[in-house]
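Enquirer: Got a predicted model here, sequence first, then my questions.
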Amino acid sequence: MPIAVTLAGFNLDREALEARLRGTPEAEAGALSPETLSAAYARISRDPRHVSEIRAAARREVDKARRSNRTIIFDMGHASVAEHAVFNLDVSGISRLCVEALEHHRLASYTEKSQRYIRLEEACVLPEEIRISPLAGEYVELSQQLFGAYQALAGRLLEQARRECGPSAPERELRSRANEDARYLLPLCAEAQLGMTVNARTLERMIARLASAERDEERRLARALHEAVRDIAPSVIRYTEPTPYLQQTPGALRAQAARCPIGVETGGAETAEAVRLAAYTMDPDRTVAEALLFESSTGSAEDIRRTVGALSKPDLRGLYREVFCRMQPWDMLPRAFEQVTFTFELVLSAAAFGQLKRHRMATILAQPYQAGLGWTVPVSVRRAGAEAEFAGWMEKSAALSRRIAERSPQAAAYILTNAHRRRVRLGINGRALGHFFRLRCAPEAQWDIRELAGAMLERVRAVFPLGGAFYGGKDCVEELRRTFD
């Protein structure tokens, strides 16, 4: 299936829509665009009229509104005005690997068709870099074989789940469990679908970055995204062309790295250390305490620092008790927790990375997938006696990936699988980390990311004993709260 981007919806002025439905003179076609809202809100700061009057004027004079947008957003540099225009887009026909490039952009909302809950039919992307190479035939053959192995393993794991759980277990749940673990055999070239909601400012940057990408698939996605929105909102999206900075900087940095004495991993299943706490704010318990008191008092930061420094451990614990004693699973930690940061080095599967990348209020720096980092084996695969067969597919995938890398390094990951691994540097503040643990340490979290989160939690609690004591899954909030009683 070719790449397809469909404009499913966009925000528009409600009164323009009502006028259109009534057939009144105000109902010109151009008013049914998010541009009139951007233009109206851009004028609020300097126009004495009420905001409703400003919106009405923008609806009546769409061409003038568009000229205003171009001037304010691009000539005057008030780019945030473009954020008032929002689009809903259906995206299909792209690979799982390309999805990661799209979702690299944090300030948007994405919902993907899940490989965990749906057993997929065979559908793979053949990237241009491989299509024109002598390896195209082997690539297509192996991707088909991996899908066949996935279907066979899903059936095998389903039968095993039925035996283990008995006849009373819901069939839908058993199928989901089987699909969840069988998908570790699926290649990263498997086709994906998603719905995306994004504002014009983010979309413009997204298109420019994808247009500058080294992979042909990402450049084609950039064109499809632009074609989907350019007619409905031409005044809020302008700079979509590739730039030398975006095109050339990644390669230049790789060249610099190649001149450094950096080792290369080689190994099989799960050979690298999965979690390392690389850096963190020193004395995070007292740092958060200072931030809590700063927000709750009128003293200077230096006075509060001295006060917190003099607090006994019981008094410091009492301060944290006041934060935690009323919290429910859905409550967010105070912003004071953002004053501390933790940096992790993680080695995780593509399946687990798919969960991690959803936590967008973090700094996620990901290396390419590397066959040398080994692969993650689901426990159910071991219980089913399928580990040797599973490893065989991993090795075939890695071998072809290495051969592709000799011709086109950027295309090498397409034939790797959800089980193959990459190294990630994750920087995250204490508040966002609390939310991460609430979701990923809970029993219903996907097992791979749950194991990773558990290892991260263990390391954080060792250096953040008071604040970290309330980190954990949403199922154990009551239990954690009792530890402060």
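Expert: Great, that's in hand.
Enquirer: In the stretch 101-250 of the chain, where is pLDDT below threshold?
Expert: Within the stretch 101-250 of the chain, no stretch has pLDDT under 70.
Enquirer: Check which residues of stretch 122-134 are buried.
Expert: Ala123, Cys124, Val125, Pro127, Glu129, Ile130, Ser133 (16 or more other C-beta atoms under 10 Å). C-beta here means a position set from N, CA and C on the backbone, and glycine is covered the same way.
Enquirer: Give me the domain ranges for this protein.
Expert: Domain assignment for the chain, taken from automatic domain parsing, gives 1-113+191-261, 263-376+419-485.
Enquirer: Just send those back as JSON lines, with mean neighbour count and distance to Ala161 too.
Expert: Putting the domains of the chain into JSON lines (neighbours: other C-beta atoms under 10 Å; distance: least, C-beta to C-beta, whole Å) gives the following:
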{"stretch": "domain 1-113+191-261", "mean neighbour count": "17", "distance to Ala161": "22"}
{"stretch": "domain 263-376+419-485", "mean neighbour count": "17", "distance to Ala161": "14"}
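Enquirer: can you put those domains in JSON lines and add distance to Ser176?
Expert: Below are those laid out as JSON lines (distance: least, C-beta to C-beta, whole Å):
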{"stretch": "domain 1-113+191-261", "distance to Ser176": "14"}
{"stretch": "domain 263-376+419-485", "distance to Ser176": "11"}
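Enquirer: where among those is the average confidence lowest?
Expert: Lowest mean pLDDT within the domains of the chain: domain 1-113+191-261, a mean of 90.
Enquirer: which residue ranges form the strands in this structure?
Expert: In the chain, strands defined by DSSP state E lie at 4-10, 86-95, 108-112, 191-199, 275-280, 341-349, 363-366, 370-375, 420-429, listed in chain order.
Enquirer: Tell me which of the domains of the chain lies nearest to Leu174.
Expert: Set against Leu174 and scored by C-beta to C-beta, the domains of the chain come closest in domain 263-376+419-485, at 15.3 Å.
Enquirer: ok now that closest one, how far from the chain's centre?
Expert: Relative to the chain's own centre, domain 263-376+419-485 is displaced by 17 Å; criterion: C-alpha atoms, centre = their mean, to the nearest Å.
Enquirer: Over to stretch 166-182?
Expert: Distance of stretch 166-182 from its chain centroid, counting by C-alpha atoms, centre = their mean, is 27 Å.
Enquirer: Show me which positions of it end up buried.
Expert: Within stretch 166-182, the residues that count as buried by 16+ other C-beta under 10 Å are Leu174, Arg175, Ser176, Arg177, Ala178, Asn179, Glu180, Asp181, Ala182.
Enquirer: need the residues you listed in JSON lines with distance to Ala289, can you?
Expert: Shown next, in JSON lines, are the buried residues of stretch 166-182 (distance: C-beta to C-beta, whole Å):
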{"residue": "Leu174", "distance to Ala289": "48"}
{"residue": "Arg175", "distance to Ala289": "49"}
{"residue": "Ser176", "distance to Ala289": "43"}
{"residue": "Arg177", "distance to Ala289": "43"}
{"residue": "Ala178", "distance to Ala289": "48"}
{"residue": "Asn179", "distance to Ala289": "46"}
{"residue": "Glu180", "distance to Ala289": "41"}
{"residue": "Asp181", "distance to Ala289": "43"}
{"residue": "Ala182", "distance to Ala289": "48"}
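Enquirer: correct me, but Glu338 touches Gly430?
Expert: Yes. Here Glu338 lies in contact with Gly430, judged by C-beta atoms under 8 Å, at a distance of 6.5 Å.
Enquirer: number of nearby residues for Gly385?
Expert: 10 (other C-beta atoms under 10 Å).
Enquirer: and it, what are its phi and psi?
Expert: phi 70, psi 30 (degrees, to the nearest 10).
Enquirer: mind checking pLDDT for it?
Expert: With respect to pLDDT, Gly385 scores 95.
Enquirer: 10 is where my numbering starts, stick with that
Expert: With the count now opening at 10, the last piece we talked about shows up as Gly394.
Enquirer: and the gap between it and Arg165?
Expert: Distance of Gly394 to Arg165, computed by C-beta to C-beta, to the nearest Å: 9 Å.
Enquirer: And for Thr45?
Expert: Taking C-beta to C-beta, one finds Thr45 at 57 Å from Arg165.
Enquirer: Same check on Glu131?
Expert: Distance from Glu131 to Arg165, by C-beta to C-beta: 18 Å.
Enquirer: before we move on, back to that, so of the buried residues of stretch 131-143, which ones are in helices?
Expert: Secondary structure from DSSP state H places Glu138, Ile139 of the buried residues of stretch 131-143 in helices.
Enquirer: Any chance of the buried residues of stretch 131-143 in a markdown table with distance to Gln364 as columns?
Expert: Compiled in a markdown table, these are given as follows (distance: C-beta to C-beta, whole Å):
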| residue | distance to Gln364 |
| --- | --- |
| Ala132 | 22 |
| Cys133 | 22 |
| Val134 | 22 |
| Pro136 | 25 |
| Glu138 | 28 |
| Ile139 | 28 |
| Ser142 | 32 |
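Enquirer: picking that back up, out of the strands of the chain, which is closest to Val469?
Expert: The closest of these to Val469 is strand 350-358. By C-beta to C-beta, the value is 6.1 Å.
Enquirer: how much does that closest one deviate in direction from strand 429-438?
Expert: 170 degrees (axes from the mean of the first three to the mean of the last three C-alpha atoms, to 10 degrees).
Enquirer: Show me what strand 350-358 is packed against.
Expert: strand 284-289, strand 429-438, helix 439-449, helix 456-472 (3 or more C-beta pairs under 8 Å, 6 or more residues apart in numbering; DSSP states H and E).
Enquirer: now the angle from that strand to strand 379-384?
Expert: 90 degrees.
Enquirer: Direction-wise, compare strand 350-358 with strand 284-289 and give the angle.
Expert: Going by the same axes, to 10 degrees, strand 350-358 makes 160 degrees with strand 284-289.
Enquirer: List of residues touching strand 350-358?
Expert: Contact partners of strand 350-358, identified using C-beta atoms under 8 Å, 6 or more residues apart in numbering, comprise 193, 281-290, 365, 382, 384-385, 427-439, 442, 457-458, 461, 465, 468-469.
Enquirer: Neighbouring strands - and their directions - for that strand?
Expert: With DSSP bridges as the test, strand 350-358 is paired with strand 284-289 (antiparallel), strand 429-438 (antiparallel).
Enquirer: Arg105 touches Ala359, doesn't it?
Expert: Yes. Judged on C-beta under 8 Å, Arg105 makes contact with Ala359 at a distance of 7.4 Å.
Enquirer: Identify the contacts common to these two.
Expert: Residues touching both Arg105 and Ala359 by C-beta under 8 Å, 6+ apart: Leu197, Asn427.
Enquirer: For the longest helix anywhere in the chain, name the packing helices and strands.
Expert: Longest helix in the chain by number of residues (criterion: DSSP H): helix 145-174. Counting by 3+ C-beta pairs under 8 Å, 6+ apart, the packing neighbours recorded for helix 145-174 are helix 180-191, helix 388-392, helix 396-416.
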